[in-house]
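Student: predicted model and sequence below, questions to follow.
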2 protein chains.
Amino acid sequence: MQRILSSQLTAQVGQTVRIAGHVHRRRLLRSVAFLIVRDAAGLAQVVVTDAAVRAAVAALPEETVVEVVGTVVANTAASAGVELTAPTVRPLGPPAAPPPFDLYRPTLTASLPTQLDHAPVALRHPTRSAALRISAAAVAGFRAALDARDFVEIQTPKVVASSTESGANVFALDWFGRPAYLAQSPQFYKQLMVGVFERVYEVGPVFRAEPHDTVRHLAQYTSLDAELGYVADHRDVMAVLRDTLAGMLDTVVDRAGAAVARLDVAVPRVPAEIPAVHFTEALRIAAAPADEPDLAPAHERALGEWARVEHGSDFLFVTGYPMAKRPFYTHPDPARPAYSNGFDLLFRGLELVTGGQRLHRHADYLAALAARGEPVEPYAGYVDAFRHGMPPHGGFAIGLERLVARLTGARNIREVAAFPRDLNRLTP
Amino acid sequence: MQRILSSQLTAQVGQTVRIAGHVHRRRLLRSVAFLIVRDAAGLAQVVVTDAAVRAAVAALPEETVVEVVGTVVANTAASAGVELTAPTVRPLGPPAAPPPFDLYRPTLTASLPTQLDHAPVALRHPTRSAALRISAAAVAGFRAALDARDFVEIQTPKVVASSTESGANVFALDWFGRPAYLAQSPQFYKQLMVGVFERVYEVGPVFRAEPHDTVRHLAQYTSLDAELGYVADHRDVMAVLRDTLAGMLDTVVDRAGAAVARLDVAVPRVPAEIPAVHFTEALRIAAAPADEPDLAPAHERALGEWARVEHGSDFLFVTGYPMAKRPFYTHPDPARPAYSNGFDLLFRGLELVTGGQRLHRHADYLAALAARGEPVEPYAGYVDAFRHGMPPHGGFAIGLERLVARLTGARNIREVAAFPRDLNRLTP
């Protein structure tokens, strides 16, 4: 008999079926016992009246993996409207040791550090797994949106000879006796691949040796990177980002609807045109001094609130960040060279995406590095490629965990990563 | 005027259009000049008769990025059946420096090391980019096949506290002052996630500090990993692998048809049931001594030939490898405990996929580690999870670059990786 999932039971009333899953909960009442089985699709209630089966169930602690064969009976009192009766129950492994916290309660009461220490078990809780389902759907939506726009997926090196984003916060390693670094982003590679495919994306891990323990930083996170050529300026990039984001959120609703409901997520609407303000205007809106070189978190929150009130939008582009605060490959605004063609996308007052137009002329790279007092040599393999013709281009990078955390209202980004890595955490 | 791609020209005869791309080739004849523009979709021929435009084209070396506005005219002599006439030509950047090898020739004549040294330019050649398009399609097919079977995509740590596959060939790094390693596979994590989602997959980089310089090993490659619970044994895993592989190859044909044609790839048919032989039988077929503990490359080639002749199949499963040669988490064959429920899939006589059933009982892990004289402590976070109930499960891992190399007939796996990493190569 083929195993079926708990979600398929309602279509099988009157039939004898086989299900399998973890023992989620047992309730041993005087005249009857209830066994709740948890599988990938949800929960199934099994009603036990036979004394021998009851004794067997009594000996199977929560989380033991079992197989149940029984008859499906409609029961409006059961949560799914059906339950299994006259069951045989067979363990598929030895009795489980009790987890360090109860998985059958509506919420996990253990502290986050305890959950993270026991991640393989904590992630079984529906609230934790729901966030990861949303994450998977968001990634699928990212790819689908870009596939539909003729982007080509790439895989690039995660170990590099020189740091990409800055000399700081980089993990060093020994590469067959040579110094090397974990890639902080696929930035250089995705740009170079614009010369090959015009439009590329990558989903992959990036590494930041963040020396601070904050609720919004991970030392490894999943970066959703896209880059496209033949743009007029950063606004072409922003338009693709807008459509990508809309595709991601649509896919989250389509493919992770149950998870969205479980976490009570209000999936935002992406406006047909996301409001955009220039950095100088953003400072004014946030009541920040006009000579601030960057936006502080409080400024971002004020801008998020402004976008909500003024535009009814959860999203806001801030464009034209000062060149001094952007990486050397950033393209300046031709009309105001102290400002960049770089942008951030704020989501509910938090920076979610960074992007912009990049330099595409070899001479501009040399000048940009010289202006910062940086040598060309560490970047030679990257910069040299621009001698051989590169189109105007730009791109963006979305932090997956940051997006999911903001979407689900998680207070700590570690809640939406399966096995987070940070300053203190290298296991499990 | 919106830019269009070269592939769209045939539908625009008589219209004035804008295209853009790299100068692929110029031919300056006495009475006319031809400019071939290469974009993401292919090549477009531009006919220049105007003296001033001709002079401009003469000053634009190959690989310069240009924009051309002209009138589309049917010409059966042109390769696409159309060409652009009466053009204006505008460079989108400075004149390009000549690449170190000609990109306009049908094949790249530079040696592979030279190509790899100049990867950003070499990958622009249609033969090199075609392999990467096939690679992208194969990954898309992997995901689609598993998505359709209720697998959930996961992202797992690439930096770990202890090595996964063996103590050897591991890259060490400094994690905030603590020793850490690059993950050799997502093996432990995908198993643990079976306890959460039952069926999971991951596409991501893995790292092997291979001390040898061979044509079939990379120090970083892309592993396509899947793992599923509630299996009877390894044969359930093999069935999913068969369907996944068929889906991947179908997607390669659907999404990368032009690349398949370009490289003259004979995409193999995956039999409805891939032939399978036990390891002991495989030794006999390969005329190897009966006490060989593993299959040598020559044995694999003989088996590939046997599968082709006897079964008309490019694929062959070898099951039941000796336990001594498989990792500690491998499930033994209950009937013959010296042999495993592990398998390899050979593709045209080369190992392409490794998989099998895994241990799922905590006590079995302790016994397996003890039998190998290995301490439990480095694996504690992994092994402990099995105390809390895990279903019988198994999985497999496909080496993406190895698959694409074998499919395209590449002699060296480095031909199908954008920026390969090996013993000697850390740039570009």
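Tutor: Ah, there it is. These figures come from a predicted structure and were not determined experimentally.

Student: any chance you could map the helices in chain A?
Tutor: Secondary structure of chain A (DSSP state H): helices located at A:51-58, A:112-117, A:119-122, A:126-147, A:187-197, A:234-255, A:257-262, A:279-285, A:297-311, A:362-371, A:380-383, A:400-408.

Student: export these as JSON lines, with columns for mean neighbour count, mean pLDDT and distance to chain B.
Tutor: Using the backbone N, CA and C atoms, a C-beta is placed for each residue, glycine as well. JSON lines is the format used below for the helices of chain A (neighbours: other C-beta atoms under 10 Å in any protein chain shown; pLDDT from 0 to 100; distance: least, C-beta to the nearest C-beta, whole Å):
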{"stretch": "helix A:51-58", "mean neighbour count": "15", "mean pLDDT": "97", "distance to chain B": "14"}
{"stretch": "helix A:112-117", "mean neighbour count": "16", "mean pLDDT": "97", "distance to chain B": "8"}
{"stretch": "helix A:119-122", "mean neighbour count": "25", "mean pLDDT": "97", "distance to chain B": "4"}
{"stretch": "helix A:126-147", "mean neighbour count": "22", "mean pLDDT": "98", "distance to chain B": "4"}
{"stretch": "helix A:187-197", "mean neighbour count": "24", "mean pLDDT": "98", "distance to chain B": "4"}
{"stretch": "helix A:234-255", "mean neighbour count": "20", "mean pLDDT": "98", "distance to chain B": "8"}
{"stretch": "helix A:257-262", "mean neighbour count": "16", "mean pLDDT": "97", "distance to chain B": "10"}
{"stretch": "helix A:279-285", "mean neighbour count": "18", "mean pLDDT": "98", "distance to chain B": "27"}
{"stretch": "helix A:297-311", "mean neighbour count": "17", "mean pLDDT": "97", "distance to chain B": "24"}
{"stretch": "helix A:362-371", "mean neighbour count": "16", "mean pLDDT": "97", "distance to chain B": "7"}
{"stretch": "helix A:380-383", "mean neighbour count": "19", "mean pLDDT": "92", "distance to chain B": "3"}
{"stretch": "helix A:400-408", "mean neighbour count": "24", "mean pLDDT": "97", "distance to chain B": "7"}
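
Student: now those helices as TSV including distance to residue A:177?
Tutor: Conversion of the helices of chain A to TSV gives the following (distance: least, C-beta to C-beta, whole Å):
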stretch	distance to residue A:177
helix A:51-58	59
helix A:112-117	35
helix A:119-122	35
helix A:126-147	36
helix A:187-197	24
helix A:234-255	40
helix A:257-262	46
helix A:279-285	45
helix A:297-311	42
helix A:362-371	28
helix A:380-383	20
helix A:400-408	34
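
Student: up against chain B, what does the stretch 301-428 of chain A have?
Tutor: Counting by C-beta under 8 Å from any C-beta of the partner chain, the stretch 301-428 of chain A comes close to chain B at A:360-363, A:381-382, A:385, A:387-392, A:400, A:417-419, A:421, A:423-424, A:426-428.

Student: show me where pLDDT drops low in chain A?
Tutor: A:164-167 (pLDDT under 70).

Student: domain parsing for it?
Tutor: Taking automatic domain parsing as the domain assignment, the ranges for chain A are A:6-91, A:119-416.

Student: distance between the ends of the shortest one?
Tutor: Start and end residues of domain A:6-91 are separated by 17 Å (C-alpha to C-alpha, to the nearest Å).

Student: also stretch A:385-400?
Tutor: Using C-alpha to C-alpha, first and last residues of stretch A:385-400 are 30 Å apart.

Student: do stretch A:51-69 as well
Tutor: Across its full length, stretch A:51-69 reaches 16 Å end to end, with C-alpha to C-alpha as the criterion.

Student: that one: how far from the chain's middle?
Tutor: Here stretch A:51-69 shows a centroid-to-chain-centroid distance of 37 Å under the convention C-alpha atoms, centre = their mean, to the nearest Å.

Student: can you redo the domains of chain A as TSV with distance to residue B:305?
Tutor: As requested, the domains of chain A are exported to TSV (distance: least, C-beta to C-beta, whole Å):
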stretch	distance to residue B:305
domain A:6-91	41
domain A:119-416	32
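
Student: whichever of the residues of the stretch 301-428 of chain A next to chain B end up buried, select them in ChimeraX.
Tutor: Restricted to the buried members of these, where burial is judged by 16 or more other C-beta atoms under 10 Å in any protein chain shown, the ChimeraX selection command reads as follows:
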select /A:360,361,362,381,382,385,387,388,389,390,391,392,400,417,418,419,421,423,426,427,428
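
Student: so which of the residues of the stretch 301-428 of chain A next to chain B sit within strands?
Tutor: When these are checked against strands using DSSP state E, none is located there.

Student: which one of the helices of chain A lies closest to residue A:219?
Tutor: Ranking the helices of chain A by proximity to residue A:219 (C-beta to C-beta) places helix A:400-408 first, at 11.5 Å.

Student: give me the angle between that closest one and helix A:234-255.
Tutor: Relative orientation of helix A:400-408 versus helix A:234-255 (axes from the mean of the first three to the mean of the last three C-alpha atoms, to 10 degrees): 60 degrees.

Student: need the contact partners of helix A:400-408.
Tutor: Residues from elsewhere that reach helix A:400-408, judged by C-beta atoms under 8 Å, 6 or more residues apart in numbering or on different chains: A:130-131, A:134-135, A:138-139, A:203, A:216, A:218, A:221-224, A:248, A:252, A:263, A:265, A:267-268, A:347-348, A:350, A:352, A:410, A:412-413, A:415-417, B:155.
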